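Undergrad: can you look at this prediction? I've put the sequence above it.
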Amino acid sequence: MYTQALNSQDSAAHTAKEDPQAEARFQARIDAEEKIEPNDWMPAAYRRTLTRQIAQHAHSEIVGMLPEGNWITRAPSLKRKAALLAKVQDEGGHGAYLYAAAETLGTSREEMEDQLLSGAAKYSSIFNYPTLSWADIGIIGWLVDGAAIMNQIPLCRCSYGPYARAMVRVCKEESFHQRQGYEIMLALCKGTPAQKAMAQEALDRWWWPVLMMFGPPDKDSQHTESAMRWKIKRFTNDELRQKFIDATIPQGHFLGLTFPDPALKFNDTTGHWDYGDIDWVEFKQVVAGNGPCNRQRMAQRRAAHEAGGWVREAANAYARKRQQRAAMSIAAE
Amino acid sequence: MTDTPLLHYTLRLADTALILGHRLSEWVGHSPVIEEDLAFGNMGLDLIGQARSLYSYAGEIEGKGRDEDALAYLRDAGDYRNILLVEQPNGDFATTMVRQLLYAAFAHPYFETLTHSSDATLAAVAAKAAKEMAYHLRHSAEWTIRLGDGTDESHARAQAAVDELWPYTGEMFECDEIERALVEAGVAVDPATLRARWDKTISEVLSEATLSRPDNGYMQSGGRVGRHSEHLGHILSELQFLQRAYPGATW
């Protein structure tokens, strides 16, 4: 998921002049839809933009384990419990896989993790919202993963080879998660009145934050120009948001749910769904750290990291001892 | 409940797998490294998978229309038949790994032997479980060795975990009348026959981990007849919450 990193501008201090000929050759390769690989020449800004984007994506997967993990022990059936456990595990796998993709650009996983824990790096705004009922697990699969897929399918054609290939695999798993999420919603909406109400209440809470996942409106985000030129990003925020809305509204109506937007209306002229104003003040506040769960999510990540410190030290100490013993036994021969 | 020995026995196996799987699932998202989040997820899924097959079979044996969820979600603690070891809290990473080691060193040969059961369903479940428990044993043994022979702190934590959990190991080898009949019929495994192999595995791992093996003092027991520690009630209050709060709903 999660291309919100592409909405932030590369710091001006970094935009030093580079070899214009190399840059022209690089752009020609991008224009010819060639993949850029780790050892190829690339502009420093391309490297930084991608590192930030892939790391943020990885962080989002890791932090994203928390809101869903909140329901693993309370899943309502063994089938749902196993599916949710497997899904959260997939997210951890995506995180590890994406950190590895980012490492090909020269930043270590430890550095990236430190940036997350220090608050220097961001993750998708959506995970700063709480999961209050079981229906939230359905909503995250259906809408949050659905929005993620809208972002990620174009990323499968991203100009950077390792990221593009990672996305192909991630997208397959995300599509599966989305179907599972929708199936949870379907079961709730076909269930008792209390279950249906649970589903509606979850949609009411999540709809607007999900639309914010695509980032600020195009008129307010001019930072994506280089990302588009480098074919990291291929569609604008508003284009992807509209695609998502158009695909999602009929699915919600099929469930018999109402979207919490009185302005929502199919536009016969454009062939798209018109929608109401998104509360960008809320979005900015959540990104700035003031969402309902920002502090909690970071506290949980830090607690896990700190509680695991002695385990990582032990593993390193043991590995060193083994090396020493191996060296000694070779010396003794 | 139709109290046939086979039903009782199948529920013991199922409950032990579910409760340990539930415990491991509590780690996911909170592990020391991402790779361990993945490993806990894997092992939890193995155990929950074993539980599901066994509950479905228990429902068939009982013949009263109860499915896997009715058995997992609608029985109270006193009807649960898992061993006490698996309901013990996760504690720190060392406690969880040592608990996994103590159980897997038993469960791996147990399920290997159960593949020869005259009961075809149990034999089939055991064939899959034996492979899974071999991985759990390898993973938890490697970590116990790393922790025991790592730093002073990890050594102390691993030793504390072994000492704390040791009194729960005796229950694994008990064989009451319910199981005795099944053992004689070639359905169940006599756990006493696995004692020497378990002792050897555990002694080797602890020795390589530079940990000391506690004496076999007084052992805690009772889970297999429904007498649990205080922890199980809390596990079930979480696990069963939605089924209890919305009776009769389908999820």
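TA: Happy to help now that I have it.

Undergrad: surely residue B:169 and residue B:86 touch.
TA: No. The criterion here is C-beta atoms under 8 Å, and residue B:169 misses it with residue B:86 at 11.6 Å. Quick note: C-beta positions are derived from backbone N, CA and C, even for glycine.

Undergrad: of the two, who's got more company?
TA: residue B:86 (28 against 22; other C-beta atoms under 10 Å in any protein chain shown).

Undergrad: what's the closest non-adjacent residue to that one?
TA: residue B:20 (3.9 Å; C-beta to C-beta, 6 or more residues apart in numbering or on different chains).

Undergrad: before we move on, what about residue B:56?
TA: Closest to residue B:56 by C-beta to C-beta, 6+ apart is residue B:68, at 5.1 Å.

Undergrad: ok, the one you found - how many residues close by?
TA: Counted with other C-beta under 10 Å, residues neighbouring residue B:68 total 21.

Undergrad: same check, this time on the one 5 residues further on
TA: Here the neighbour count serves as a burial measure; for residue B:73 (other C-beta under 10 Å) it reads 19.

Undergrad: now swap in the one 3 residues further on and tell me
TA: By other C-beta under 10 Å, 11 other residues sit near residue B:76.

Undergrad: for it, what are its contacts?
TA: Residue B:76 makes contact with residue B:236, according to C-beta atoms under 8 Å, 6 or more residues apart in numbering or on different chains.

Undergrad: who's in contact with the closest residue to chain A within the stretch 51-200 of chain B?
TA: Closest contact between the stretch 51-200 of chain B and chain A, by C-beta to the nearest C-beta, is at residue B:150 (2.8 Å). Residue B:150 sits next to A:313-315, A:317-318 when contact means C-beta under 8 Å, 6+ apart.

Undergrad: SS state for the nearest residue to it once chain neighbours are set aside?
TA: If the residues on either side of it in the chain are set aside, residue B:150 comes closest to residue A:314, at 2.8 Å by C-beta to C-beta, 6+ apart. With DSSP: H, G, I helix; E, B strand; the rest coil as the basis, residue A:314 sits in helix.

Undergrad: just to check, residue B:54 is in contact with residue B:17?
TA: Yes. Contact criterion C-beta under 8 Å: residue B:54 and residue B:17 qualify, at 6.6 Å.

Undergrad: report pLDDT for residue 35.
TA: This is for chain A. In this model, residue A:35 is scored at 96, pLDDT.

Undergrad: could you do chain B instead?
TA: At residue B:35, the model reports a pLDDT of 96.

Undergrad: report the next helix or strand after the strand or helix carrying it in sequence order.
TA: Using DSSP states H and E, residue B:35 sits in helix B:34-62. Sequence-wise, the next helix or strand downstream of helix B:34-62 (DSSP H and E) is helix B:68-73.

Undergrad: poorly predicted segments of the stretch 1-150 of chain B, please.
TA: Across the stretch 1-150 of chain B, residues meeting the criterion (pLDDT under 70) sit at B:1-2.

Undergrad: alongside chain A, which residues does it contribute?
TA: With C-beta under 8 Å from any C-beta of the partner chain as the criterion, the stretch 1-150 of chain B meets chain A at residues B:18, B:22, B:25-26, B:28-35, B:37-38, B:41-42, B:44-45, B:48-49, B:51-52, B:55, B:68-69, B:72-73, B:92-93, B:145-147, B:149-150.

Undergrad: among those, the buried ones, what's the PyMOL command?
TA: Selection of buried members from these for PyMOL, criterion 16 or more other C-beta atoms under 10 Å in any protein chain shown:
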select buried, chain B and resi 18+22+25+26+28+29+30+31+32+33+34+37+38+41+42+44+45+48+49+51+52+55+68+69+72+73+92+93+145+146+147+149+150
